[in-house]
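*Asks:* Got a predicted structure here, sequence first:
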Amino acid sequence: MKILPPVSIEARRLLPSGWDLLAAMLVLGFIILFAEASKNLMGPLSGISGQTLSLDPRLLPGYAVRTAMRMLLAMGVSLLFALPYATWAAKSRRAGTLLVPLLDILQSVPILSFLSVTVVWFLALSPGREFGAELACIFAIFTSQAWNMAFSFYQSLRTVPEELEEAGRMLGLSAWSRFWRIEAPFGTPPLIWNMMVSMSGGWFFVTVSEAISVGHTNIALPGIGSYIAVAIAQKNMTAIVYAIIAMLVVIIVYDQLMFRPLLAWADRFRMDETAGDDAPESWALTMYRRSKLMDLITTPFDWLMKWSYRWQAPSFGIRGAVREMDSRVADVIWYAILAALSLYGGWRIWSFAQAYLTWGEFGEAVGLGFLTMIRIMVLILLASLIWTPIGVYIGLRPKLSQVVQPIAQFLAAFPANILFPFAVSLIIYFQLDPDIWLSPLMVLGTQWYILFNVIAGASVMPKELRDAGDNMGLKGVLWWKRLALPAIFPYYLTGAIAATGGTWNASIVAEVANWGSTTLRAHGLGAYIAGAVAVGDFRRVVLGTAVMAFFVVVLNRIIWQPLYWLAERKYRLM
Amino acid sequence: MSNLLDVINVKRTFPRGGGEELLVLDEVNLSLKDGEIVGILGRSGAGKSTLLRLIAGLARPQGGQLTYMGAPIHGPVPGVAMVFQSAALFPWLTVLENVQLGLEAQGLPSPEIRSRALAAIDLIGLDGYESAYPRELSGGMRQRVGFARALVMHPNILLMDEPFSALDVLTAENLRTDLIELWLGKKLPIKGIMMVTHNIEEAVLMCDRVLLMSSNPGKVGSEVLIDLPHPRERTSPAFEDVVDKIYVEMTARRVERMRQAQGAGNIAMALSHVSPNQISGLIEALAAQPYDGKADLPDIAYEQELEVDELFPVAEAMQLLRLADVEGGDIKLTHMGKRFADSDLNERKEIFSRALTTHVPLAAHIRRVLDERASHAAPKTRFLDELEDHMAEDAAEETLKTIVSWARFSELFSYDDDAALFSLENPT
């Protein structure tokens, strides 16, 4: 199964187009709208703030269950978002031009920015009670999970084999049943893989999303994330160890009861029959399959789906023809709506900038953006230098890969906050410069994407190609230069693109580290946004977010996209 | 003078689950002399490619010795070059860069690398394609690059691992004749060729000597000398005689072994995957003119455009089911086989079902177990475990897969892949 990077790579154009600009204006406009409106909503928050979470380890299982349930709910919401969104983007030429760049932008907006401008809204839903806070938390997790799932499904839909589509049409399947019987199954294996990635992303930000702290709003929802936050505030090392154990258990349970069975089940939908691939197995799936209870639960859904296929008449003739609604009227309406929205967004941004921003502040944010960018580039470079050789070594040994994969998967989910105690203590003890030594925390979760993908690339390197290299006596530098590195290059790139995007996001939790009352701060855009969120300065939140989105999207376009196409053209294995 | 290559008592095993070892090659002995083309002929799974990889120094034997010009082989040897089935070109390098790569690895000076590479490209007929990338080339041209890449090393031994099998018939023949012409004209910078193939005619066309390998474990069974002058005519009686002889050698022993297992009611008989459709197809072809129930194996292989690897398993399955007799290089429909050919689908299913229960011990065994159980169902693992006591995991999987497809066709019993369960129920 080929894993594509979670950014729009299908357009071969270099520079951001008008659509990117429009998408950016829409996202930014709405963030400003929310931010400004939420200023008037302050107030109803005192009820649930202030209470401190107990660090009693006996309460931890309860917290773990609550965190796990939130993750599950957020995953469900992400699916509900990703499937229709991706389908709309893939099916409608008109919508696709906007929705795809929109995903690029949404993905580059850090989770804290989403959270900070929406939390008051959610709290206002049920003043004084936890319900609103729960919603805010689930929304935060959602924003760390949904985008790459949508991307993955979109990319699958774009690559559904023509013949399958045509067969479906010849059989007179309606659009609805084509989706469920052809397109959705085809997109399922990569989607599940991305759900696993998303889950790790959710864990990485678990403290931020559970222990919400925006301006005067301080909420700690009972859960592992808040537990970690409190443990850090109280400098309680034992509690942190407990939290790690609880996290490990939840991740293993998720893996065994949900993702393994899903992977094993979805194996039937794989179109590419790569030889030598062992079908994934899962004891849980076998159990589900043999259980009568499971049958009882799923049968009604089966019936419902079957009934829904019949609900629409078979679509032959005109109804079944490929209809692109390219009537002039529809076009005019669509573009009119877009123009109106962009005018509104532009006006919002303009008046916001007029009222609050100076060139000096803008320059400051851009400068910090450059600092963070340099940090990220250096880190990705270092991570590549370390993980590429290791990944190749592991990938060429199938037995070893099987052991390493789940470990790396757990490490990818490891929240940076857990390492704060060590990082802060070490930096203070050795009197190090936080600008440099806090940086490794940024790639803590994301470096594994490089490792994953390099392992995947090395493991699919054809045996005959390796034999040919050996037969010709390729060794050392020549072996790396002519055989190993080119062979894994496309895979490495996918990993590096995902890692870079993730690292930008991670900078908001990694450029500022707390341990008890000590706070270390690196100079960078992540710390800038985090600081603005902490004091509730929406002005700077918006500015920082805009600058970050700009950096991420432009870098994708001018560095990653050309490299990706070079890889596709030249280094693709036949 | 010593041989170019000697393989003495070589043994090779692969690790299996549970600390056991699977014997792939055992007591393999062979040699390659100066000026010789030797073919290694065998069915898939006979360990031919494994043997070639041992000779190339790409893998190590667990026992025995391999020597190249008298010196033991411990790893890839500069004097031994290999051409791969898929050509195994580096897609990111141009034709010229691909050919130069091996010389670069030897650290030769650039001018020499260039001139030798160009000479090899010229020799193999790739002039003008130097700057092309492999993906721009057709399969035949790609394999030519594979040859050039091996020849540029000026090896003493050229190893070829089914180099023509991925090509279409015309391209393959074209490349074969070109290669033989170069070899006979002494234009190739090599002293001996060893090629692995499953194509009997190809072996007879090119080789001076053919070694027949038997499977489980792979051994060199017998040797056939081919003393025909070049260029060889596929249609000449002498050529056909040699081909016939090889067919007889290759089928006789397996058929004999199968009869024994069948007679003893031994369930642990490895079956290669053959679908009922293939069996029906071959039976229909045999029953029709010009064969009228009996055919020479090489003839029917040629006329039905079947590779030996495709024909043998089907013929053997028919032998096993007693739908045909395979003897002396011929295949002849039995009485049942003829009735099968004349029947409609339902009668065919019945004939097949009866053949399964009477002649295939494993199928009969599964049916018996299902009949005896109250639930009329049994998990796959039950039979898989039984088989794995006697054969490798892959072979056991394939055997069961074959039985499943036969049983489904004949409606003897059914199998649910989701639950990995054999049962007597058929979905209504």
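*Replies:* Looks like it came in fine. Residues are numbered from 1 along each chain as shown, chains lettered A, B, ... in the order given.
*Asks:* nearest residue to A:Arg482 other than its sequence neighbours?
*Replies:* Take A:Arg482 and drop its neighbours on the chain: the residue closest to it by CB to CB, 6 or more residues apart in numbering or on different chains is B:Leu101, 6.1 Å away. Any C-beta I mention is one placed from the backbone N, CA and C, and that applies to glycine too.
*Asks:* State the distance from the residue in the stretch 101-250 of chain A that chain B sits nearest to to A:Arg169.
*Replies:* With CB to the nearest CB, the shortest gap between the stretch 101-250 of chain A and chain B falls at A:Pro185, namely 15.0 Å. As defined by CB to CB, to the nearest Å, A:Pro185 lies at a distance of 16 Å from A:Arg169.
*Asks:* coming back round to it: who are the contact partners of the residue of the stretch 101-250 of chain A closest to chain B?
*Replies:* Remark: with contacts taken as CB atoms under 8 Å, 6 or more residues apart in numbering or on different chains, A:Pro185 is in contact with A:Phe269.
*Asks:* what's the burial count for the closest residue to chain A within the stretch 151-300 of chain B?
*Replies:* Closest contact between the stretch 151-300 of chain B and chain A, by CB to the nearest CB, is at B:Met153 (7.2 Å). The number of residues packed near B:Met153 is 25, by other CB atoms under 10 Å in any protein chain shown.
*Asks:* got it, and A:Gly76?
*Replies:* 12.
*Asks:* quick one: buried residues of the helix or strand it falls within?
*Replies:* If you go by DSSP states H and E, A:Gly76 is part of helix A:60-91. Across helix A:60-91, burial judged by 16 or more other CB atoms under 10 Å in any protein chain shown covers A:60, A:63-64, A:66-68, A:70-71, A:73-75, A:77-79, A:81-83, A:85-87, A:89-90.
*Asks:* Can you tell me the closest non-neighbouring residue to B:Gln304?
*Replies:* Using CB to CB, 6+ apart and skipping residues adjacent in sequence, the residue nearest B:Gln304 is B:Ala285, 5.8 Å away.
*Asks:* That neighbour and B:Gln278, how far apart?
*Replies:* 11 Å.
*Asks:* Show the residue spans covered by the helices in the stretch 451-574 of chain A.
*Replies:* Taking DSSP state H, counting those that start in this stretch as the test, the helices found in the stretch 451-574 of chain A are A:463-471, A:476-479, A:485-510, A:525-535, A:538-555, A:561-570.
*Asks:* Tabulate the ones you listed in a markdown table, adding columns for distance to chain B and mean pLDDT.
*Replies:* Shown next, in a markdown table, are the helices of the stretch 451-574 of chain A (distance: least, CB to the nearest CB, whole Å; pLDDT from 0 to 100):
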| stretch | distance to chain B | mean pLDDT |
| --- | --- | --- |
| helix A:463-471 | 4 | 89 |
| helix A:476-479 | 6 | 90 |
| helix A:485-510 | 4 | 89 |
| helix A:525-535 | 37 | 90 |
| helix A:538-555 | 25 | 89 |
| helix A:561-570 | 5 | 83 |
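*Asks:* Select, out of the ones you listed, the one closest to A:Ser156.
*Replies:* Distance to A:Ser156, taken as CB to CB, is lowest for helix A:485-510 among the helices of the stretch 451-574 of chain A, at 15.0 Å.
*Asks:* How far off centre is that closest one?
*Replies:* 12 Å (CA atoms, centre = their mean, to the nearest Å).
*Asks:* got it, and stretch B:392-401?
*Replies:* Mean-position distance between stretch B:392-401 and its chain equals 18 Å (CA atoms, centre = their mean).
*Asks:* same question, stretch A:97-117
*Replies:* The mean C-alpha position of stretch A:97-117 is separated from the chain mean by 11 Å, CA atoms, centre = their mean.
*Asks:* go on, stretch B:188-201?
*Replies:* 15 Å.
*Asks:* close to chain A, is it?
*Replies:* No - under the criterion of CB under 8 Å from any CB of the partner chain, chain A is not reached by stretch B:188-201; the shortest gap measures 13.1 Å.
*Asks:* Check the separation of the first and last residues in that stretch.
*Replies:* 23 Å (CA to CA, to the nearest Å).
*Asks:* how about it: buried residues?
*Replies:* Going by 16+ other CB under 10 Å, stretch B:188-201 has these buried residues: B:188-201.
*Asks:* okay if I get those residues as CSV plus secondary structure, distance to B:Glu388 and pLDDT?
*Replies:* Output for the buried residues of stretch B:188-201, formatted as CSV (DSSP: H, G, I helix; E, B strand; the rest coil; distance: CB to CB, whole Å; pLDDT from 0 to 100):
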residue, secondary structure, distance to B:Glu388, pLDDT
B:Leu188, coil, 47, 88
B:Pro189, coil, 48, 88
B:Ile190, coil, 44, 91
B:Lys191, coil, 45, 93
B:Gly192, strand, 41, 94
B:Ile193, strand, 39, 95
B:Met194, strand, 34, 95
B:Met195, strand, 34, 94
B:Val196, strand, 29, 93
B:Thr197, strand, 31, 90
B:His198, coil, 27, 85
B:Asn199, coil, 32, 87
B:Ile200, helix, 33, 89
B:Glu201, helix, 37, 89
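*Asks:* what about A:Ser291, how many neighbours?
*Replies:* 11.
*Asks:* Tell me the backbone dihedrals of it, please.
*Replies:* For A:Ser291, the backbone dihedrals are phi -80, psi 140 (criterion: degrees, to the nearest 10).
*Asks:* which SS state does the closest residue in space to the residue of the stretch 151-300 of chain B closest to chain A that isn't next to it in sequence fall under?
*Replies:* In this structure, B:Met153 finds its nearest non-sequential neighbour in B:Ala81, 4.7 Å apart by CB to CB, 6+ apart. What DSSP: H, G, I helix; E, B strand; the rest coil gives for B:Ala81 is strand.
*Asks:* What is the burial count for B:Thr358?
*Replies:* B:Thr358, neighbours per other CB under 10 Å, totals 13.
*Asks:* That should have said B:Ala364, apologies.
*Replies:* Counted with other CB under 10 Å, the neighbours of B:Ala364 add up to 16.
*Asks:* Next one: A:Ala456 from chain B, what distance?
*Replies:* Relative to chain B, A:Ala456 is positioned 18 Å away (CB to the nearest CB, to the nearest Å).
*Asks:* Give me the pLDDT value at that residue.
*Replies:* Looking at A:Ala456, its pLDDT reads 85.
*Asks:* count of neighbours near it?
*Replies:* Quick note: A:Ala456 (other CB under 10 Å) scores 21 neighbours.
*Asks:* My understanding was that it contacts A:Gly395; is that so?
*Replies:* Yes - applying CB atoms under 8 Å, one finds A:Ala456 in contact with A:Gly395, separated by 7.0 Å.
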